[in-house]
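**Student:** curious how this folds, go ahead:
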Amino acid sequence: MRILVTGGVGYIGSHTVLQLLRADHEILVFDNYSNSSPEAMRRIKHLSQREPEMIIGDIQDSVALSNAFRYFRPDAVIHFAGLKSVGESSIVPLRYYAENIGGTVEILRAMDDVQCRRIVFSSSATVYGVARYLPFDEGHPRNPESPYGRTKYFVEELIKDWTVAGLDRSAVLLRYFNPVGADASAILGEDPNGPPNNLMPYITQVAVGRLACLSIFGDNYETRDGTGERDYIHVEDLASAHLAALEFGACHVGCEAINIGTGHGVTVLEMIEAFEAASGRKIRFKIVGRRDGDVARSFASVEKAYKKLGWKARYGIYEMCRSAWNWQLRNPDGYRQL
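**Tutor:** Here you go, the predicted structure:
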């Protein structure tokens, strides 16, 4: 299958592209390197022994995007590209709306131009907002708490409307919970540009001395230990879910939203304890105020993923921590060391 992957050099995108290449798909990556590194592409080539095609561009650039689609003529699209910081989205919401929503409009236009009818979208569990009940199933009301979450909500609606408007169109909206971990090789992992926005890279950078201390945003939530509780999913499991979604989309029409998680919650303090056990390192932390848009608890119902995609998570929290530590230990400065 010929697959165009937007944002394919980022954390989740790079791991997915690697698995797609290993499954013998033909890949074109479209990425502007805004939160990724060319070194990740070199490592994908090394691990897969194949070289995916690459076009550097922004999804808001309609001309560059259209040219890429006309050149490659994909059978399907996996759409990762977009801004993803909950906190930042409250500071610069217009930037998030322009990139995440406007960019998706351009992707769908480019797909129509070459009659590409299948898309897998990188959505988020943030679309649910505060839980009315747990675990979150796909029928839970959506009420996102941040501009970032609202962009994911609106893009889901946009893609759903696009799917309904044409014959033979297929869309799978994968609602990620919290991706962590790294490839088993320890040469492909999470390396955010600038300060980390997510828990695991912050922990690993404290462990190797790049950061002095982990900030825990609130310890007075209604959870087991007062810290936020999340459903963490190994990035290799998440990547495999995209391959399963592609296979599903190849033989189904319409739009399906599907949770991708483990079905179990882990608090921040529990994650620190698991990481310390996996790494043998002590993690310094301090308690600070809550962040806007954060919710107390979030974990998935994963029954639909198994029923529709035949997919379920294979890795537990120890494997997630161990792979993240192996990546950071081998790459203390991330991709920038080479």
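**Student:** any idea how far Thr6 is from Asn259?
**Tutor:** Taken as Cβ to Cβ, to the nearest Å, the spacing of Asn259 relative to Thr6 amounts to 22 Å. C-beta: built from backbone N, CA, C; applies to glycine.
**Student:** what's near enough to touch Thr266?
**Tutor:** Wrong residue type there; residue 266 is Val, not Thr. Under the criterion of Cβ atoms under 8 Å, 6 or more residues apart in numbering, the contact partners of Val266 comprise 229-232, 274, 317.
**Student:** reformat these as JSON lines; add secondary structure, pLDDT and neighbour count.
**Tutor:** JSON lines is the format used below for the contacts of Val266 (DSSP: H, G, I helix; E, B strand; the rest coil; pLDDT from 0 to 100; neighbours: other Cβ atoms under 10 Å):
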{"residue": "Glu229", "secondary structure": "strand", "pLDDT": "96", "neighbour count": "24"}
{"residue": "Arg230", "secondary structure": "strand", "pLDDT": "96", "neighbour count": "26"}
{"residue": "Asp231", "secondary structure": "coil", "pLDDT": "97", "neighbour count": "26"}
{"residue": "Tyr232", "secondary structure": "strand", "pLDDT": "97", "neighbour count": "26"}
{"residue": "Ala274", "secondary structure": "helix", "pLDDT": "97", "neighbour count": "19"}
{"residue": "Ile317", "secondary structure": "helix", "pLDDT": "96", "neighbour count": "21"}
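**Student:** how about the residues you listed in CSV, adding distance to Gly249?
**Tutor:** Output for the contacts of Val266, formatted as CSV (distance: Cβ to Cβ, whole Å):
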residue, distance to Gly249
Glu229, 32
Arg230, 28
Asp231, 24
Tyr232, 26
Ala274, 35
Ile317, 30
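**Student:** show me which of those is closest to Leu211.
**Tutor:** For Leu211, the closest of those turns out to be Ala274, at 18.8 Å, with distances computed as Cβ to Cβ.
**Student:** correct me if wrong: that closest one contacts Glu319.
**Tutor:** No. Shown here, Ala274 and Glu319 do not form a contact pair, counting by Cβ atoms under 8 Å, at 10.0 Å.
**Student:** what's around Lys286, how many residues?
**Tutor:** For Lys286, the count of nearby residues is 9 (other Cβ atoms under 10 Å).
**Student:** how about the one 3 residues further on?
**Tutor:** Neighbourhood size, Gly289 [other Cβ under 10 Å]: 8.
**Student:** and it, its phi and psi?
**Tutor:** Note on Gly289: its backbone torsions stand at phi -70, psi 160 [degrees, to the nearest 10].
**Student:** now do Arg73
**Tutor:** The phi/psi pair for Arg73 (degrees, to the nearest 10) reads phi 50, psi 70.
**Student:** tell me which helix or strand Glu256 sits in.
**Tutor:** Element membership for Glu256, per DSSP states H and E: strand 254-260.
**Student:** show the average pLDDT along that strand.
**Tutor:** For strand 254-260, the mean per-residue pLDDT is 98.
**Student:** ok, residues contacting it?
**Tutor:** The set of residues that contact strand 254-260 without belonging to it, under Cβ under 8 Å, 6+ apart, is 123, 125, 136-138, 156, 159-160, 163-164, 169-177, 233, 237-238, 241, 245, 248, 300-302, 304-305, 308-309, 311.
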